[in-house]
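Asker: any chance you could fold what I've pasted below:
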Amino acid sequence: MEQADFSNIKDELENAKKGDTILHLNYKGLKNLPPCLLYDICYRNLKTIYAKRNLLTCLPDNLNQLSSLVEIYMPSNNIKAIPDGICNLTKLESLNLCDNELTQLPADIGRLGNLQKLQVSVNKLASLPSSIGQLRYLKTLELMRNDLSTLPISLCRCESLMTLNLDYNRLTSLPRHFWRLTSLTELSVCGNNLITLPQTFANKGLGSLRFLLVDKNPALHVLPISLIHIDTGNFQSCRQRNPLGVLPGVVELVVPYKETSVPIVMPPEIRDITAPWNSIPSLQELGLRTTGALRSRFSDPKEFLALLDSLPCTLKSLLLDPTALCQFCLQEVYVSALPLLVFNKSVFYLGFCCSVKCAVQICLTYSTNFGMDIVYPLYMPVI
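Answerer: As a prediction, the model looks like this:
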């Protein structure tokens with residue numbers, strides 16, 4: 001086997017051996033990392049490895065020997081896999097493997113307990129491991145230009161996450177559970193196949209959200225009403241394709257507005273809609289609202305969770321993370337509600353109300369106070 005030549009990085013290795021904690025290996029044409037890094041204890045104090053734009057195809061299994069590593073910066077290589085051993089680098093704060101050939105992340109990536117920045121854009125990731133939700137200090141997650149069609153619900157447990165980039169994947173929707181990302185300030189989902197967005201965005205806990213960029217999602221025609229005061233980027237680049245019939249089993253509407261029609265795809269959790277002239281919610285909806293209201297009666301949240309354990313998983317999930325909140329009274333909405341469509345500055349916004357009474361109040365608020373058009377319901381009786 002041809003022995004690798006590391007003569008062009010002799011000075012860099014010597015500096016690191018003498019105590020330099022940063023190893024500069026960018027643009028060196030390396031096919032492998034020098035083995036001495038892993039076997040010579042003189043390198044155990046290394047904190048940062050810069051190895052951008054080399055010819056690396058893999059990382060050594062025992063990379064965790066460099067137990068002091070805080071940052072790994074290796075974009076623009078040909079790395080096809082991340083060894084499981086990297087999950088033992090408990091001091092690691094930043095991992096940048098953008099523009100490589102990764103098809104998956106380590107199943108135990110959640111063990112990187114101090115990781116604050118994970119950048120794996122421009123790879124071939126089709127899924128994310130559920131353990132990613134254990135990265136409680138993660139602040140930046142970059143997943144642009146991969147092959148993701150779904151996201152794990154566990155991602156909503158990354159309570160410190162501030163920036164999430166999902167541009168140019170294959171997503172058709174986002175988990176409604178994302179309302180739990182209370183530190184999130186910027187979310188970019190441009191260039192996907194989004195048809196709906198969660199109604200709970202910026203409504204229940206996302207007080208920090210300032211930007212939700214949705215450019216170039218051709219089947220996205222309506223935004224949640226909770227985003228009406230949030231920068232959503234170039235929404236005019238959306239609405240290029242009819243979204244109806246794409247997601248089997250969801251409730252769909254076509255609402256006339258002036259000389260056009262607005263195609264609306266309800267959140268997948270909504271089973272039926274309540275019309276103003278028939279405003280009684282379904283029995284399942286009433287049961288869920290009654291059960292959800294019990295939460296306030298328990299001083300210990302674990303007691304409420306124990307109560308939900310007796311329910312089917314889908315109902316338990318709904319009660320923990322409702323589909324929407326009533327736009328007026330903030331009553332939790334689960335599987336049926338009265339939809340409300342608002343037109344403002346050439347954008348249609350969809351919201352839900354729990355009753356006709358609340359819908360009337362919202363109509364008055366938006367039309368009287370803000371001069372916006374209430375498009376749907378088409379008929380609202382006076383109460």
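
Asker: per-residue pLDDT, residue 280?
Answerer: We note a pLDDT of 79 for residue 280 in this prediction.

Asker: again, but for residue 379
Answerer: 51.

Asker: report the separation between residue 351 and residue 225.
Answerer: Per C-beta to C-beta, to the nearest Å, residue 351 is found 3 Å from residue 225. Placement of C-beta: from N, CA and C, glycine included.

Asker: overlap in contacts, those two.
Answerer: Common neighbours of residue 351 and residue 225 (criterion: C-beta atoms under 8 Å, 6 or more residues apart in numbering): 327, 340, 342.

Asker: so the first one: helix, strand or coil?
Answerer: Here residue 327 is coil, with the state taken from DSSP: H, G, I helix; E, B strand; the rest coil.

Asker: in what helix or strand does residue 374 lie?
Answerer: Here residue 374 sits within strand 373-376, counting by DSSP states H and E.

Asker: three-state assignment of the nearest residue to residue 193 once chain neighbours are set aside?
Answerer: Excluding its sequence neighbours, the residue lying closest to residue 193 (C-beta to C-beta, 6 or more residues apart in numbering) is residue 172, at 5.0 Å. Three-state assignment for residue 172 (three-state DSSP): coil.

Asker: look up how far residue 192 lies from residue 172.
Answerer: In terms of C-beta to C-beta, residue 172 sits 8 Å off from residue 192.

Asker: okay, the two: which has more neighbours?
Answerer: Shown here are residue 172 and residue 192; by other C-beta atoms under 10 Å, residue 192 has more neighbours (25 against 19).

Asker: for the stretch 1-150 of the chain, which spans come out with low pLDDT?
Answerer: Applying pLDDT under 70 to the stretch 1-150 of the chain flags the ranges 1-4.

Asker: need the contact list for the residue nearest to residue 373 when sequence neighbours are not counted.
Answerer: Leaving aside its chain neighbours, residue 373 sits nearest to residue 343 (4.0 Å; criterion: C-beta to C-beta, 6+ apart). Going by C-beta under 8 Å, 6+ apart, residue 343 touches 257, 349, 372-375.

Asker: how much space between residue 343 and residue 21?
Answerer: Distance of residue 343 to residue 21, computed by C-beta to C-beta: 57 Å.

Asker: please confirm that residue 212 is located within a strand.
Answerer: Yes. Assessed by three-state DSSP, residue 212 belongs to a strand.

Asker: next, count neighbours for it.
Answerer: 23.

Asker: ok, it - contacts?
Answerer: Here residue 212 is in contact with 186-189, 197, 201-202, 227, 230-233 (C-beta under 8 Å, 6+ apart).

Asker: again, only using 10 Å
Answerer: 164, 174, 184, 186-189, 197, 201-202, 206, 223-224, 227, 230-233 (C-beta atoms under 10 Å, 6 or more residues apart in numbering).

Asker: swap in residue 307?
Answerer: Per C-beta under 10 Å, 6+ apart, neighbours of residue 307: 291, 294-295, 298, 316, 319.

Asker: with residue 117 instead?
Answerer: Neighbouring residues of residue 117 by C-beta under 10 Å, 6+ apart: 71, 92-96, 137-142, 163.

Asker: and the residue nearest to residue 373, how far from residue 268?
Answerer: Using C-beta to C-beta, residue 343 is found at 24 Å from residue 268.

Asker: what do you get for residue 218?
Answerer: From residue 218 to residue 268 the distance is 19 Å (C-beta to C-beta).

Asker: residue 46 touches residue 68, doesn't it?
Answerer: Yes. Proximity of residue 46 to residue 68 meets the contact threshold set by C-beta atoms under 10 Å, at 6.2 Å.

Asker: can you check which residues contact both of these two?
Answerer: Joint contacts of residue 46 and residue 68 (C-beta under 10 Å, 6+ apart) are residue 21.
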